[in-house]
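*Asks:* Attaching a predicted model along with its sequence, questions to come.
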Amino acid sequence: MDKIIITGNGPLCGEVRVAGAKNAALPIIAATLLSAEPMHISNVPGVRDIATVLQLIELLGAKVEREDTDLSLDCSTVHSVHAPYEMVKTIRASILLLGPLLARFGEADVSLPGGCAIGTRPVNEHIMGLQALGADIRIEAGYIKARATRLKGAQYTFDAPSVTATENLLMAAALAEGVTTLDNCALEPEIPDLAQLLCAMGAKIEGAGTSTISIEGVSTLHGTSHRVPPDRIETGTFLTAAAATRGDITVLDTAPDFLHHVLGKLEQAGCKMELGKDWIRLRTDGKRCKATNITTAPYPAFPTDMQAQFMALNTLAEGSATVVENIFENRFMHVAELQRMGADIELQGHTAIVRGKERLQGAPVMATDLRASASLIIAGLAADGETTIDRVYHLDRGYANIDTKLQELGAHIRRV
Ligand code: EPU
């Protein structure tokens, strides 16, 4: 099993390009199941979660050709609607296949994903939303078994905004009979991006990116091509790493518009930011950051997917700050690992009180989930001495070549 070894305590400097967004690419790939015509997707990130979901749709019968970051998909050959537990348990986003399979084939058997390291992560909103569209859904032997001759447009209000549940319902309603209105939808930028793809396939959608989305169902969707937008969380991760190491980096091929809250917090921490249309430069002028309070909440507020990385930055900052996690009940697994590196963090329920220290010390640590791994990398890059990070397969789920990219920014990091 791979490990990452970092010899820390040097600034990150230079330019880095970010990949396409994993969390945008996953629903896009699921949406290709809605059409029997060929689809072309570009800027697809080379991360493990994408490889897994592609394996899964191949298992269902889709033909997948991949060349670097370009993907050609042909879902005319899909012959199965059964997404097995063995694959779904490794990638929760497999739940995104439920809506498209049911809408196009009238049936879907998708394993319940089960719990995960950051929380219980129920899928009740996906199920209740599809039931509102007329699906007959039973839970049998750990599987969601959904049936519908044709889904029917309806009104559905999400109890709380959910990113993938909004995406699932959007895809299902695109092929339903009549008009669907979804209220209290998630606002994350991956949703208007998915709607853009669906409209290019012939869907009729209005309001994606706002809390009310209206979808007029059509009977078939056709093939198209689509470019996956830049990864806002990878962008934020590199910027936070540069802030923690007192560096000066420019992130290229990105989209500053989707990161307002994170950029604001980095500025509040004392970093100097310059923005272009598709690039962001962060400078620290060699200075230590100031501790910054953060509270995670749905977009456009501070993203839970950047909480762990900001926690690492706060452990090294001047002063104390609180970090409040409001999205997932167990997303503090990195705290115990950061403490092993000397971080001063006190947990009180959903709040972490972080007292910044001038230095952390390298230590052997264990990655527990994707963003926790990124926070340990940031801490390791800024710490004195050597940090060995175990279980880096978590990191490979969502970051493409992060070790090589960090090497190019001057980090002493290697994979063994
Ligand atoms: N929730 C329910 N019932 C549901 C669905 C969600 O109670 O049926 C709750 C969740 O337990 C959570 C909240 O609603 O408390 C929000 O969860 P959401 O459904 O929005 O999360 P998700 O769609 O499962 C996506 C990203 C996550 C990201 C969250 C929040 C993808 C594939 N995943 O998950 O990304 O943390 O939105 O922004 O888009 C990551 O990339 O590291 C990652 C975990």
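*Replies:* Sure, I can see it. Residues are numbered from 1 along each chain as shown.
*Asks:* give me every residue that touches the residue in the chain sticking out farthest from the centre.
*Replies:* Most distant residue from the mean C-alpha position of the chain: residue 149, 32.6 Å away (CA atoms, centre = their mean). Shown in contact with residue 149 (CB atoms under 8 Å, 6 or more residues apart in numbering): residue 106. From N, CA and C alone the C-beta is placed, and that goes for glycine too.
*Asks:* tell me the secondary structure for it?
*Replies:* Judged by DSSP: H, G, I helix; E, B strand; the rest coil, the three-state class of residue 149 is coil.
*Asks:* Just the pLDDT for it.
*Replies:* Among the per-residue scores, residue 149 shows a pLDDT of 93.
*Asks:* Would you mind giving both backbone torsions of it?
*Replies:* Dihedral angles of residue 149 (phi, psi; degrees, to the nearest 10) stand at phi -60, psi -50.
*Asks:* My guess is residue 405 contacts residue 16. True?
*Replies:* Yes: Residue 405 lies in contact with residue 16 (CB atoms under 8 Å); the separation is 5.1 Å.
*Asks:* tell me, what's touching those two both at once?
*Replies:* In contact with both residue 405 and residue 16: residue 238, using CB under 8 Å, 6+ apart.
*Asks:* Quick check: residues of this structure near the ligand?
*Replies:* 23, 26, 93, 119, 121-126, 160, 162-165, 186, 303-305, 327-328, 370-371, 398 (CB under 6 Å from any ligand atom).
*Asks:* same thing but at 5 Å, please
*Replies:* By CB under 5 Å from any ligand atom, the part of the chain that sits against the ligand consists of 23, 26, 93, 121-125, 162-165, 304-305, 370-371.
*Asks:* Just give me the closest of the residues you listed to residue 315.
*Replies:* Comparing those against residue 315 with CB to CB places residue 371 closest, at 15.1 Å.
*Asks:* Neighbours of that closest one, how many?
*Replies:* Neighbour count for residue 371, taken as other CB atoms under 10 Å: 26.
*Asks:* Can you name the residues that contact the spatially closest residue to residue 163 that is not a sequence neighbour?
*Replies:* Counting by CB to CB, 6 or more residues apart in numbering, residue 163 lies nearest to residue 186, which is 4.6 Å off, once chain neighbours are set aside. With contacts defined as CB under 8 Å, 6+ apart, residue 186 is in contact with 158, 161, 162, 163, 165, 166, 298, 299.
*Asks:* Give me the phi and psi for residue 186.
*Replies:* Main-chain dihedrals, residue 186, degrees, to the nearest 10: phi -70, psi 150.
*Asks:* pLDDT averaged over the host helix or strand of residue 126 - what is it?
*Replies:* Assessed by DSSP states H and E, residue 126 sits inside helix 124-132. Summarised as a single mean, pLDDT over helix 124-132 is 97.
*Asks:* after it comes which helix or strand?
*Replies:* The helix or strand immediately downstream of helix 124-132 is strand 136-140, counting by DSSP H and E.
*Asks:* pLDDT averaged over that following strand, what's the number?
*Replies:* Regarding strand 136-140, the rounded mean pLDDT is 97.
*Asks:* do stretch 261-271 as well
*Replies:* The predicted model assigns stretch 261-271 a mean pLDDT of 98.
*Asks:* just stretch 34-45 next, same as before
*Replies:* Mean predicted confidence for stretch 34-45 is 98.
*Asks:* Please enumerate residues in contact with it?
*Replies:* Here stretch 34-45 has contacts from 19-22, 25, 28-29, 32, 50, 66, 69-76, 100, 103-104, 171, 174-175, 198, 201, 220-231, 400, using CB under 8 Å, 6+ apart.
*Asks:* Strands - which of those residues land there?
*Replies:* Residues of the contacts of stretch 34-45 located in strands (DSSP state E): 66, 70, 71, 72, 73, 74, 225, 226, 227.
*Asks:* Identify the residues contacting the nearest residue to the first one once chain neighbours are set aside.
*Replies:* Just to be clear, that refers to residue 66. Spatial nearest neighbour of residue 66, excluding adjacent residues (CB to CB, 6+ apart): residue 54 at 7.2 Å. Residues near residue 54 by CB under 8 Å, 6+ apart: 29, 64, 66, 71.
*Asks:* wait, isn't the last one in contact with residue 65?
*Replies:* This points to residue 71. Yes: using CB under 8 Å, residue 71 is in contact with residue 65, at 7.3 Å.
*Asks:* Output the below-cut-off pLDDT ranges for this protein.
*Replies:* 115 (pLDDT under 70).
*Asks:* residue boundaries of the helices in it?
*Replies:* Along the chain, counting by DSSP state H, helices occupy 22-31, 48-59, 85-88, 98-105, 124-132, 163-174, 190-200, 232-244, 260-268, 307-315, 333-340, 370-382, 393-396, 402-408.
*Asks:* Distance to residue 288 added to these, as a markdown table?
*Replies:* A markdown table is the format used below for these (distance: least, CB to CB, whole Å):
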| stretch | distance to residue 288 |
| --- | --- |
| helix 22-31 | 31 |
| helix 48-59 | 35 |
| helix 85-88 | 44 |
| helix 98-105 | 47 |
| helix 124-132 | 42 |
| helix 163-174 | 34 |
| helix 190-200 | 34 |
| helix 232-244 | 9 |
| helix 260-268 | 14 |
| helix 307-315 | 10 |
| helix 333-340 | 17 |
| helix 370-382 | 10 |
| helix 393-396 | 26 |
| helix 402-408 | 20 |
